[in-house]
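**Student:** Sequence and predicted structure below; questions after.
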Amino acid sequence: MNRASWRGRDSDSVSDEISLWEAAYLRFETSEQEIRKFRRRLIKLGAKNWSREAAVVELFCGRGNGLQALAQLGFRQLEGIDLSPRLVAEYSGSAGCFVGDCTQMPFADHSKDILIVQGGLHHLTTLPNDLDQVLSEARRVLRRNGRLVAVEPWLTLFLRFVHALCEQGQCRRLSNKLDALATMIQYERRTYEQWLGASDLVMALFRMHFEVEHVSIGWGKFSFVGSPKYPHHNSPI
């Protein structure tokens, strides 16, 4: 989770909202459920074909369940980075997991093989600037044969249906998972809706920075795998 969306506001109010968002995230699904989801997702995106000696970083890693999934798949050189100290403290694995900003990654140029982000980019405060910065940083730290893997929400018919259910109090009372999702959306609404409304811009930025290996949209998700573009030209969007 990237907490940049709360910058510039009253600190006590922001702290309360961050706590409520993080509490909802922690009850949205158990760690075991999230790890299974991440394993299935990574396998679908080609993880079984990646070198187990690859230097892998999970961006916006939250409580580290993506790192747990990667470890279960046999990857050994793992790191995670997230802005939330509370969520990072939830991680109990062997990877190096630390608090940091994904718009200014603390990694050397061309030092990583794989960067993975699962649901962090839609928390960025400003589009296109923040997304451009994260993707520029990703391109900087990846080796020339490296890859970026990203999975983010996307405004499909399925997601519209889920949003409609989130507006129904009875549905929320019957489903803890739906109530947790609705709560998360409530406290990230500005950045979440900004992201969902900027699909063309988002796609253009990904294609500007990366050669596309895989892109797909379905069930409310955008999935992308790509390698850094060299040389890079800052062409207008």
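**Tutor:** The structure has been received and is ready for your questions.

**Student:** May I have the strand or helix carrying L87 as PDB, with CA atoms only?
**Tutor:** Using DSSP states H and E, L87 sits within helix 85-89. Provided in PDB are the C-alpha atoms of helix 85-89 (Å, rounded to 0.1, in the frame of the first residue of the first chain):
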ATOM      1  CA  PRO A  85       5.400   0.300   8.700                       C
ATOM      2  CA  ARG A  86       2.400  -1.500  10.100                       C
ATOM      3  CA  LEU A  87       2.000  -3.800   7.100                       C
ATOM      4  CA  VAL A  88       5.700  -4.400   6.700                       C
ATOM      5  CA  ALA A  89       5.800  -5.500  10.400                       C
END
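
**Student:** Name the next helix or strand downstream of that helix, please.
**Tutor:** Sequence-wise, the next helix or strand downstream of helix 85-89 (DSSP H and E) is strand 96-99.

**Student:** circling back: point out the other helices and strands that the helix holding L87 packs with.
**Tutor:** On a contact count with 3 or more Cβ pairs under 8 Å, 6 or more residues apart in numbering; DSSP states H and E, helix 85-89 meets helix 11-28, strand 96-99. The C-beta positions use only the backbone N, C-alpha and C, and glycine is treated the same way.

**Student:** List the neighbouring strands of the shortest one plus their orientation.
**Tutor:** Looking back up the chat, that one is strand 96-99. strand 77-82 (parallel) (DSSP bridges).

**Student:** Quick check: which of the helices and strands packed on helix 85-89 is nearest to L131?
**Tutor:** With Cβ to Cβ, the closest approach to L131 among the helices and strands packed on helix 85-89 belongs to helix 11-28: 20.2 Å.

**Student:** Can you tell me what sits against that closest one?
**Tutor:** 1, 3, 6, 62-63, 84, 86-87, 90, 176-177, 180-181, 183-184, 187-188 (Cβ atoms under 8 Å, 6 or more residues apart in numbering).

**Student:** rewinding a little: need the helices and strands packed on helix 85-89 in TSV with mean neighbour count, can you?
**Tutor:** Formatted as TSV, those follow (neighbours: other Cβ atoms under 10 Å):
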stretch	mean neighbour count
helix 11-28	15
strand 96-99	16
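
**Student:** Make JSON lines out of those and add distance to F38 and mean pLDDT.
**Tutor:** Below are the helices and strands packed on helix 85-89 laid out as JSON lines (distance: least, Cβ to Cβ, whole Å; pLDDT from 0 to 100):
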{"stretch": "helix 11-28", "distance to F38": "13", "mean pLDDT": "86"}
{"stretch": "strand 96-99", "distance to F38": "15", "mean pLDDT": "96"}
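
**Student:** can you redo these as JSON lines with distance to N145?
**Tutor:** JSON lines is the format used below for these (distance: least, Cβ to Cβ, whole Å):
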{"stretch": "helix 11-28", "distance to N145": "34"}
{"stretch": "strand 96-99", "distance to N145": "23"}
